[in-house]
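*Asks:* Compute the structure for the input listed below.
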Amino acid sequence: MDHQTGEIQMETLGNTRQRAGLSISDWAPVLLWTAFSAIAAYGLWSFGELPDWKWEGILRINGFTILLWGTVTLFSAIVASYSRKYLTGFRHRSRFMALTLCFTLTVMTLLISEHLLLLLLSWLGMGMVMSGLIGIRTEWREARAAARYSRRYFLAGSAFLGIGMFLPAFWTGNFTLSGLLGAIPALPAILISVTAACLILAAIIQSAMYPFHRWLLSSMTAPTPASALMHAGFVNGAGILLALFSPFLFASDTLTLLFIIGGLTAILAQFAKLLQVNVKQRLACSTIAQMGFMIMQCGLGFFSAAVAHLILHGFYKAYLFLSAGEGIAQSEPQAPPRIRIKPLQAVAVLIHGFLGALLFMQLTGKGGGLGSGSFLTLIVAITVGQATYNIVKHEGFTAVQRLLVPPLLYVAGIGLYALVFNGVAAFMSDMPLVTESMPLTATEIGFGLVFLAGFFVMKLGLYLKHPWFYVKLMNLTQPIKQTV
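*Replies:* Residues are numbered from 1 along each chain as shown. Here you go, the predicted model:
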């Protein structure tokens, strides 16, 4: 009894110390919201004439910096504000807030890094801070194991990034980002290929692409706000890295490889998501699938589209994680619904999918020819068709609602995406090759057919008839046992 009383007194003392004075949990959200407001105001004020400022070959601020500074400070401010109440009484709350601020600062430093050493250190620092958030519950053996496991991946990714940057840097004597990109024509082809391979490995490790996905699935020991920050901001770092070094990917002709890696990951993760019974595991598989799609966009040459995607995904995934508790409910296993589409419903799906694709091409200027943009147009058509089917089959809608709701939804959705995409493209206008559409190759066309077939296999539930596939996906999507 005395031992229990002592523990209660220690916990009460800790809470009293947290309440005494103005703690970091109180002022961190204010600081982050102030930073976001200032960056957003400056971005709007300078939109017509974006800055391109450099200092001593160490720092650089341009439109891309302003855009992503605003994004990361907004996500961090939302997470910090939510955490201030959500983590009340949590013994590591102040440390969580401090790590959130450190994470924000490391990402902001990454975005203004002109010198390669500063870029590498900020990339490494971002991973180390995130591993600290994953293992913030130091009293849990599982949390410590998850932190160690993720840290190994982040160190490996940083090592590949360092090799990818400094091999060509020492060869040319250029240790700034712009200097290195400008020296690409003078590099041997083999060195360009090695550099591109290392950069791709660094990117896909951080974005948890297969086969490097287990660190994300094993990170569920992190508090929900840390997961929100991880899924909304950290894993998206691959899109930033690939956009910064896009000239190496074009010069090495590795875009098709990037496209295949992203596509396979997107398909497998979407299948795996259907098998998960844990809310956070489902969200993790969803994030892996979305990162796969972002990598696919990079592989198609649309780096500005990939950045737009990571911004929109960040908002979406932060909301899902912060509201994950509302999705927990007692339920019983039920037989999966059988998809039966009537002829008129099929016609409606095809018509709306076609119209949605036309609107997408008109508003974004992508996909109008036979280039790589046509693949994105196909994805939009599938998405609009799926949304239309969900509406026209809904028994609660009247005939008029089934006629009017689909176009209202996809016009609003595609319009919002076009607004974000065009804004991102404007902020990234001074970066090389960020909107460079590539001609479709036979490999991409073949993989597009595989992607389309995989979509219908998933939606029609055909995979349920093959237990070996179910078992394989379940084994692929298990966290390491030390973290459970």
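*Asks:* Please parse the chain into its domains.
*Replies:* According to automatic domain parsing, the chain is divided into the following domains: 25-323, 343-476.
*Asks:* To residue 483, which of those lies closest?
*Replies:* Taking C-beta to C-beta as the criterion, residue 483 comes closest to domain 25-323 out of the domains of the chain, the separation being 4.3 Å. C-betas here are computed from N, CA, C, even on glycine.
*Asks:* circling back: and the domains of the chain as TSV, adding mean pLDDT?
*Replies:* Written out in TSV, the entries for the domains of the chain read as follows (pLDDT from 0 to 100):
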stretch	mean pLDDT
domain 25-323	87
domain 343-476	72
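*Asks:* among those domains, which is the most enclosed?
*Replies:* Among these, the stretch with the highest mean neighbour count (mean count of other C-beta atoms under 10 Å) is domain 25-323, at a mean of 20.
*Asks:* Could you tell me the end-to-end distance of it?
*Replies:* Across its full length, domain 25-323 reaches 21 Å end to end, with C-alpha to C-alpha, to the nearest Å as the criterion.
*Asks:* just so I have it, where are all the strands in this structure?
*Replies:* The residue ranges that make up the strands of the chain, judged by DSSP state E, are 53-55, 59-61.
*Asks:* Now distance to residue 450 too, for those, in TSV please.
*Replies:* What follows is the strands of the chain, written out as TSV (distance: least, C-beta to C-beta, whole Å):
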stretch	distance to residue 450
strand 53-55	45
strand 59-61	40
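*Asks:* mind checking which of the ones you listed is nearest residue 304?
*Replies:* Checked against C-beta to C-beta, the stretch from these lying closest is strand 59-61, at 18.4 Å.
*Asks:* elements contacting the closest one?
*Replies:* Contacts of strand 59-61 with other secondary structure elements, assessed using 3 or more C-beta pairs under 8 Å, 6 or more residues apart in numbering; DSSP states H and E, are made with strand 53-55, helix 93-112.
*Asks:* what's the distance between residue 40 and residue 228?
*Replies:* When distance is defined by C-beta to C-beta, to the nearest Å, residue 40 is 20 Å away from residue 228.
*Asks:* quick one, what contacts residue 482?
*Replies:* For residue 482, the contact set (C-beta atoms under 8 Å, 6 or more residues apart in numbering) comprises 141-142, 145-146, 149.
*Asks:* same thing with residue 194?
*Replies:* Residue 194 makes contact with 163-164, 167 under the criterion C-beta under 8 Å, 6+ apart.
*Asks:* from memory residue 150 sits against residue 218, does it?
*Replies:* Yes: between residue 150 and residue 218 there is a contact at 7.1 Å, judged by C-beta atoms under 8 Å.
*Asks:* Residue 283 versus the residue lying closest to residue 321 once chain neighbours are set aside, what's the distance?
*Replies:* Excluding its sequence neighbours, the residue lying closest to residue 321 (C-beta to C-beta, 6 or more residues apart in numbering) is residue 228, at 3.8 Å. Going from residue 228 to residue 283 by C-beta to C-beta gives 10 Å.
*Asks:* Please apply the same query to residue 86.
*Replies:* Counting by C-beta to C-beta, the gap from residue 86 to residue 283 is 17 Å.
*Asks:* What of residue 133?
*Replies:* Between residue 133 and residue 283 the distance, using C-beta to C-beta, works out to 16 Å.
*Asks:* Check residue 141 too.
*Replies:* When residue 141 is compared with residue 283 (using C-beta to C-beta), they lie 24 Å apart.
*Asks:* Name all residues that make contact with the nearest residue to residue 176 once chain neighbours are set aside.
*Replies:* Leaving aside its chain neighbours, residue 176 sits nearest to residue 57 (4.8 Å; criterion: C-beta to C-beta, 6+ apart). Listed by C-beta under 8 Å, 6+ apart, the contact partners of residue 57 are 114-115, 175-176, 179.
*Asks:* My guess is residue 359 contacts residue 414. True?
*Replies:* Yes: under the criterion of C-beta under 8 Å, residue 359 lies in contact with residue 414, with a separation of 5.2 Å.
*Asks:* Figure out which of the strands of the chain is closest to residue 252.
*Replies:* Taking those one by one with C-beta to C-beta, strand 59-61 is closest: 23.8 Å.
*Asks:* For residue 260, see how far away residue 248 is.
*Replies:* Remark: distance between residue 248 and residue 260 (C-beta to C-beta) = 18 Å.
*Asks:* try residue 215
*Replies:* With distances defined as C-beta to C-beta, the gap from residue 215 to residue 260 amounts to 22 Å.
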